[in-house]
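A.B. asks: Please find the sequence and the predicted model below.
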Amino acid sequence: MRFLSRRRKEKTAAPGEKLSSRLEDNLVRLNQRLGSMADVVQREFYIAGDKPVKAFLFYIDGLVNRGLIDEIILKPLMEESLKRGRQFRSADEIYYHILSSTDAELVTTWAELLHRFLSGELCLLIDGNAAAIVVDARGEQVRGIEEPPTEPVIRGPRDGFTENIRINTMMIRRRVKSEHLKMESFILGELTRTEVIVAYLANVAQPDVVAEVKKRLQEIKIDGVLESGYIEEFFCERPFCPFPTVLSTERPDRVAAALLEGRVALLVDGTPFALVMPVTFFSLLQASEDYYNNACYASALRLIRLLALNFSILLPSLYIAITTFHQEMIPTSLVVSLISSREGVPFPAFVEALLMEITFEVLREGGVRLPRPVGHAVSIVGALVIGQAAVAAGLVSTAMIIVVALTAIANFVIPSFEAATVVRLLRFPLMALSASLGLYGVGLGLLTILIYAASLRSFGVPYLSPMAPAVAGELSDVMVRRPWYLMFFRPKLIAGKDVQRLEKGSSELDRG
Amino acid sequence: MLEKGRLYWWQLQWLLFNTVFPTAVMFVSAITAQVARQDAWIAILLFATVFGLVAGLVCYYLGIRFPRLNLVQYVDLLVGKAAGKVISCAYIIFFLWINAAIIREFSSFLATAFMPETPELVFTATIMLLSAYMVRNGLEVMASVNQLLVSVMLFVFASITLLSVNDMDFGRLLPVLEKGWLPVLKASLTPGYWRTEVAVMLMLLPYLKEPREGKRAVVRAVLILGFLVTVDVISNLAIFGPELTANSTFPTLNQIRYISLARFLDRIEAVVMILWVAGILIKVGVFYYVAVLALAQLFQLEDYKPVVLPVGFLLALLSDVLFTGSQDLKEFIIKPLAVMAYTFHLAIPLFLLLVAAVRRVGQ
């Protein structure tokens, strides 16, 4: 942070320009810079004593806890000298003897002062001193800790990240109370000056991954960062890569688990979404809950998810291919009901599927975008349009409705929203391929996706590992979930030196 | 070095496996059964495995003398610059030729068995584009893709075999060795050269993380192949008998068509076809890759990527021009290709190994 902020400062003010010791001069400068800022509170007062010293207090309204100002600044300054019978006039003295706040500092340059001021700290200029006192008395309004709406669980902690980075770091620190948990702060965005924190376990994470994350962060020269999505795209390995090569999550327990596995986490001020890297495709199919539930149950869920993934990417294209090219594969009894349901449908299967899939995507987007009270109306209309009217009007077949519905629901089974999005997108080209080349086309499409995914890397880790290249002993935590008493190692490609996570003989069950 | 990727030995093992398996499983049993009748499985289990092991080990012992170098790079050291270049050129031409045959087999198979109304060009063009894309991405990606595919392929192969056990009558394999060993030995020449295709290791060995493990990779690949192709041939023979097996073009495909489970899993050959396409993609990709790599090294290019597309284009063209029809292709596969394969997979490496041993070149 130091390195970065110093370089940034040089642009906002002449390098190292010092404060003047005359308050009047400083105020003139200040007025020039801070004109037309309605949210600035300025207060002139005298530090009590036999020869009162003029002082000037200014801060941004709303970012500062007002009660705290009266308590730790104004009251002591205006009363303490009287009580002690001694005149305090230098900033040093006031800093060391009077201020009753832990988080205060003396600054001497304009650039530093303005930076502190704009990030919501309280600034105090005292006549006759070429230094200002800045006090961190931040007290902005924040949303409380709530259950993360995008990643609900049945079993597991219910707290989710908030928009405030301090609360977020607190939630991680409270879970991992280790000296090895490092959090390095960076300032990103020329104008927004957003705080970004890189968190990792120094004894577990691979040093070169940490260095790479920091390097890429420092290379970003942008005017503003409002959400972690801005940074996520800078971490892509390829242009226009649809696959997420970092994981975004709202759950502090998920970040803590990732840190324990040797991954690096990135917190961005102003958003509840943290980033985790490196990730592999299969880790996007895992939910944090997997590790809290019974291992057998969690394993079954993982297999279901794998199945759902296949459904949601393949079902429409398989339907098209089989009904158009490979009717012989359908069992005879089914073929009869399929034909009767498609009777009177004026479109080929591809157009029918495309129509319904696009309708569904529109409804889904509408559901997200519409104001809550209207949402119900949309779902009713959607259900009627998709479910009833389309069939009754003879536009689509009932079988197609089942396919669309199953595809849609299967898509929601994928825990990572980003991964689910890729699957949603990819099924359209697959549908086109299957309409033109049948199952052969579907195969070509799948192979293309496979080659692309296999060529991706997330911070040096092959995207399809530990399946391909297979890592011995780790397949048991991909398709299924290893019980905790057998989870001896961290993922080998992700954790660096310290792979052991469970000591042998920790349970009766493996001593047996 | 042109290729920076590094493989684990098991990745090479499965890569070599899929270099042989996809076409072997489709074509070998018919060709072998034409000569060896019901004893085709012996030819495949015993002799072909021996051929494969010999070729694989010769290539391994040749390659291991020159760590981190492949054939095109060390052949100059062995026989001198001029002769070395000639041998390299010959290998490139051979790789292209055999690949053209594979691509043509693939296209004509799809066109005859699945989509008779689609021109063969469509299949050739799509598989070439796809494998060009894969080859551009390098060896590691190819190995990773292959690894995922192999697991599914093995699962499906096992399922198919198990599902058709019902139709098998092992009495059809009798009598064993009716006419003695000679026809069996003669018949094993074709599946034998198929197995020697593991000799592509000549080009791939230096890219192992630990080249010494190449021996394990190639031996295991040949043995796994021996086992699986034998299972395939035995099930073909046991279902159809030697006569039908020898006369049908794709006995394994017929076997899959035969499967009917509870009147629900019917005619699943289209699904299996996708997997077979995936296997062929790897097979074409491997030969494509070694050709491209050898070409780039021969002309000392800094990167092999610029030659990928031109070579792909050439391959598509060759696959169309070199063979007039499926009969011509079949004849080419049985005779001239066998001679070429034994020359390039076995004879030349053996010769080079002898030269290396006599002249004490390499380690």
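C.D. replies: Arrived safely, thanks for sending.
A.B. asks: From now on I want contacts and neighbour counts done on CA atoms only, so please keep to that.
C.D. replies: Fine.
A.B. asks: Give me the secondary structure label for A:Met37.
C.D. replies: Secondary structure, DSSP: H, G, I helix; E, B strand; the rest coil: A:Met37 is coil.
A.B. asks: Mind pulling up the pLDDT for it?
C.D. replies: A:Met37 carries a pLDDT value of 82.
A.B. asks: Contact residues of chain A facing chain B?
C.D. replies: Contact residues (Cα under 8 Å from any Cα of the partner chain) of chain A with chain B: A:326, A:328-331, A:439-440, A:443-444, A:447-448, A:450-451, A:454-455, A:464, A:467-470.
A.B. asks: Those residues of the stretch 151-300 of chain B touching chain A, which are they?
C.D. replies: Residues of the stretch 151-300 of chain B found near chain A (Cα under 8 Å from any Cα) are B:263-268, B:270-271, B:273-275, B:277-278.
A.B. asks: Of those residues - the most surrounded one?
C.D. replies: With neighbours defined as other Cα atoms under 10 Å in any protein chain shown, the most crowded of those is B:Ala278; it has 24 neighbours.
A.B. asks: which residues of the stretch 151-300 of chain B score low on pLDDT?
C.D. replies: Along the stretch 151-300 of chain B, no part satisfies pLDDT under 70.
A.B. asks: so where do the helices sit in it?
C.D. replies: B:181-187, B:189-195, B:201-204, B:214-247, B:251-258, B:269-298 (DSSP state H, counting those that start in this stretch).
A.B. asks: So what angle separates the directions of the fifth one and helix B:269-298?
C.D. replies: So the one you mean is helix B:251-258. 150 degrees (axes from the mean of the first three to the mean of the last three Cα atoms, to 10 degrees).
A.B. asks: Mind giving me the packing neighbours of helix B:251-258?
C.D. replies: Under the contact criterion of 3 or more Cα pairs under 8 Å, 6 or more residues apart in numbering or on different chains; DSSP states H and E, helix B:251-258 touches helix B:214-247, helix B:269-298.
A.B. asks: Domain-wise, how is chain A divided?
C.D. replies: A:2-135, A:165-279, A:295-461 (automatic domain parsing).
A.B. asks: if we can go back for a sec, list just the one of the helices of the stretch 151-300 of chain B that sits closest to B:Ser144.
C.D. replies: Nearest to B:Ser144 among those is helix B:269-298; the distance by Cα to Cα comes to 10.7 Å.
A.B. asks: what's the next secondary structure element after the closest one?
C.D. replies: helix B:305-321 (DSSP states H and E).
A.B. asks: mind saving the C-alpha coords of that next one as CSV?
C.D. replies: Output in CSV follows, covering the C-alpha atoms of helix B:305-321 (Å, rounded to 0.1, in the frame of the first residue of the first chain):
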residue,chain,number,x,y,z
LYS,B,305,2.1,-23.0,-34.2
PRO,B,306,2.4,-21.4,-37.7
VAL,B,307,2.7,-24.8,-39.4
VAL,B,308,-0.4,-26.2,-37.6
LEU,B,309,-3.0,-24.9,-40.0
PRO,B,310,-1.2,-25.5,-43.2
VAL,B,311,-0.4,-29.1,-42.2
GLY,B,312,-4.0,-29.6,-41.2
PHE,B,313,-5.1,-28.4,-44.6
LEU,B,314,-2.6,-30.7,-46.3
LEU,B,315,-3.9,-33.6,-44.2
ALA,B,316,-7.5,-33.0,-45.1
LEU,B,317,-6.4,-32.8,-48.8
LEU,B,318,-4.3,-35.9,-48.6
SER,B,319,-7.0,-37.9,-46.9
ASP,B,320,-9.2,-37.1,-49.9
VAL,B,321,-6.7,-37.5,-52.7
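A.B. asks: Which residue ranges of the stretch 401-512 of chain A form strands?
C.D. replies: A:457-458, A:461-462 (DSSP state E, counting those that start in this stretch).
A.B. asks: Next, format those strands as a markdown table and append mean pLDDT.
C.D. replies: Listed next are the strands of the stretch 401-512 of chain A as a markdown table, based on pLDDT from 0 to 100:
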| stretch | mean pLDDT |
| --- | --- |
| strand A:457-458 | 90 |
| strand A:461-462 | 89 |
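A.B. asks: one step back: any chance of the helices and strands packed on helix B:251-258 in JSON lines, plus distance to B:Asn166?
C.D. replies: Below are those laid out as JSON lines (distance: least, Cα to Cα, whole Å):
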{"stretch": "helix B:214-247", "distance to B:Asn166": "9"}
{"stretch": "helix B:269-298", "distance to B:Asn166": "18"}
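A.B. asks: The helix or strand harbouring B:Gln13 near chain A anywhere?
C.D. replies: According to DSSP H and E, B:Gln13 maps onto helix B:9-23. Yes - for a cut-off given as Cα under 8 Å from any Cα, helix B:9-23 has contacts with chain A, namely B:Gln11.
A.B. asks: Who are the packing partners of that helix?
C.D. replies: helix B:139-163, helix B:214-247, helix B:269-298.
A.B. asks: Which residue would be the closest one in chain B to chain A?
C.D. replies: Residue nearest to chain A within chain B: B:Ser144 (4.5 Å; Cα to the nearest Cα).
A.B. asks: Tell me which residues touch that residue, please.
C.D. replies: Counting by Cα atoms under 8 Å, 6 or more residues apart in numbering or on different chains, B:Ser144 makes contact with A:454, A:464, A:468-469, B:11.
A.B. asks: ok, so what distance separates it from A:Met467?
C.D. replies: Distance, B:Ser144 to A:Met467, using Cα to Cα, to the nearest Å: 8 Å.
A.B. asks: cool, and B:Val86?
C.D. replies: 41 Å.
A.B. asks: quick one: which of these two has more around it?
C.D. replies: Neighbours were counted for B:Val86 and for A:Met467 using other Cα under 10 Å; A:Met467 has more, 22 against 13.
A.B. asks: count of residues packed around B:Ile93?
C.D. replies: Neighbours around B:Ile93, by other Cα under 10 Å: 14.
A.B. asks: can you pull the contacts of A:Asn293?
C.D. replies: By Cα under 8 Å, 6+ apart, the contact set of A:Asn293 is A:Arg155.
A.B. asks: Now do the SS call for it.
C.D. replies: Going by three-state DSSP: A:Asn293 is coil.
A.B. asks: so what pLDDT did B:Thr343 get?
C.D. replies: With respect to pLDDT, B:Thr343 scores 90.
A.B. asks: Near it, how many other residues are there?
C.D. replies: When neighbours are counted by other Cα under 10 Å, B:Thr343 registers 15.
A.B. asks: ditto for A:Lys83
C.D. replies: A count of nearby residues for A:Lys83, using other Cα under 10 Å, gives 11.
A.B. asks: Kindly report the same for the one 10 residues further on.
C.D. replies: Neighbouring residues of A:Glu93 were enumerated by other Cα under 10 Å; the total is 12.
A.B. asks: before we move on, which element is it in?
C.D. replies: Counting by DSSP H and E, A:Glu93 is part of helix A:91-93.
A.B. asks: Can you list the buried residues in the next helix or strand along the chain from that helix?
C.D. replies: The first helix or strand that comes after helix A:91-93 along the chain, using DSSP H and E, is strand A:104-107. Buried residues in strand A:104-107, counting neighbours by 16 or more other Cα atoms under 10 Å in any protein chain shown, are found at A:104, A:106-107.
A.B. asks: For residue 108, which residues are in contact?
C.D. replies: You didn't say which chain, so I picked chain A. Applying Cα under 8 Å, 6+ apart, we find A:Thr108 in contact with A:18-19, A:130-132.
A.B. asks: Can you look at chain B instead?
C.D. replies: Each residue near B:Ser108 by Cα under 8 Å, 6+ apart is listed here: B:120, B:326.
A.B. asks: What strand or helix carries it?
C.D. replies: helix B:81-113.
A.B. asks: still on that earlier bit, narrow the residues of chain A next to chain B to those that are buried.
C.D. replies: Using 16+ other Cα under 10 Å, the buried ones in the residues of chain A next to chain B are A:326, A:329-330, A:439-440, A:443-444, A:447-448, A:450-451, A:454-455, A:464, A:467-470.
A.B. asks: does the residue of the stretch 1-150 of chain A found nearest chain B count as helix, strand or coil?
C.D. replies: At 31.2 Å from chain B, A:Thr150 is the closest residue in the stretch 1-150 of chain A, using Cα to the nearest Cα. State at A:Thr150, reduced to three classes by three-state DSSP: coil.
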